[in-house]
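Undergrad: Could you look at this predicted model? Sequence included:
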Amino acid sequence: MIFSLVGLPGSGKSTVGRHLARRLKLPFTDSDQVIEARLGYSVRQYFEQEGEARFRDLEVAVIDELTRDPRRGVLSTGGGSVLRQENRHHLRDRGRVVYLKSSPDELFRRLRHDRLRPLLQVADPLARLRDLYTIRDPLYRETAHFTVETGRPSVAMLVNMIVMQIELDDNWQHPA
């Protein structure tokens, strides 16, 4: 089964995803890393050269491909992956989705010095995070089977919370 993580930039999808995969003894994939490997350069560069719409088109194709393989394990998605309806359907219908829910203020504290996230390279990143939250939170909730508030728990605690949700899920069968 595929476990996909969704949430705003900086919510911990990649970090928590790696630890979750290790804990479940499953492979880990980061959709943005797959895209970058195929392009040969960063998501930020692609955004700058081609624009967000072209990036989202590419992201749809990659998420479709990655969610077709049930052996994929744990999948960390880009923060905006839920903007496209196809992605929401592929993620929700082909596996279990965990929404790592973080407040814009908490994310701003984590990301205020980050220069790699293209959508946050604006004059007021906190206002941008609040706008992203307003738009995306309903989409994350629509897509997710489980929501985990990230707040201030450690990565280990977040992984434990996710594992508890997974173990309560009747559809989960851990590989022997």
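TA: Nice, thanks for sending it over.
Undergrad: Helix or strand: which one has the closest residue to Ala156 other than its chain neighbours?
TA: Setting aside the residues directly before and after it, Ala156 is nearest to His19 in space (Cβ to Cβ, 6 or more residues apart in numbering), at 7.1 Å. (Each C-beta comes from the backbone N, C-alpha and C, glycine too.) Assigning secondary structure by DSSP states H and E places His19 in helix 13-24.
Undergrad: Just the buried positions in that helix, please.
TA: In terms of neighbour count (16 or more other Cβ atoms under 10 Å), helix 13-24 has its buried residues at Lys13, Ser14, Thr15, Val16, Gly17, Arg18, His19, Leu20, Ala21, Leu24.
Undergrad: now, among those residues, which is nearest to Ile162?
TA: Leu20 (5.8 Å; Cβ to Cβ).
Undergrad: mind listing the helices for the chain?
TA: Secondary structure of the chain by DSSP state H: the helices cover 13-24, 31-39, 43-50, 52-68, 85-93, 104-111, 125-143, 155-168.
Undergrad: What helices and strands are in contact with the second one?
TA: The one in question is helix 31-39. helix 43-50, helix 52-68, strand 74-76 (3 or more Cβ pairs under 8 Å, 6 or more residues apart in numbering; DSSP states H and E).
Undergrad: Return the most buried member of these.
TA: Most buried of those by mean neighbour count (mean count of other Cβ atoms under 10 Å) is strand 74-76; its value is a mean of 27.
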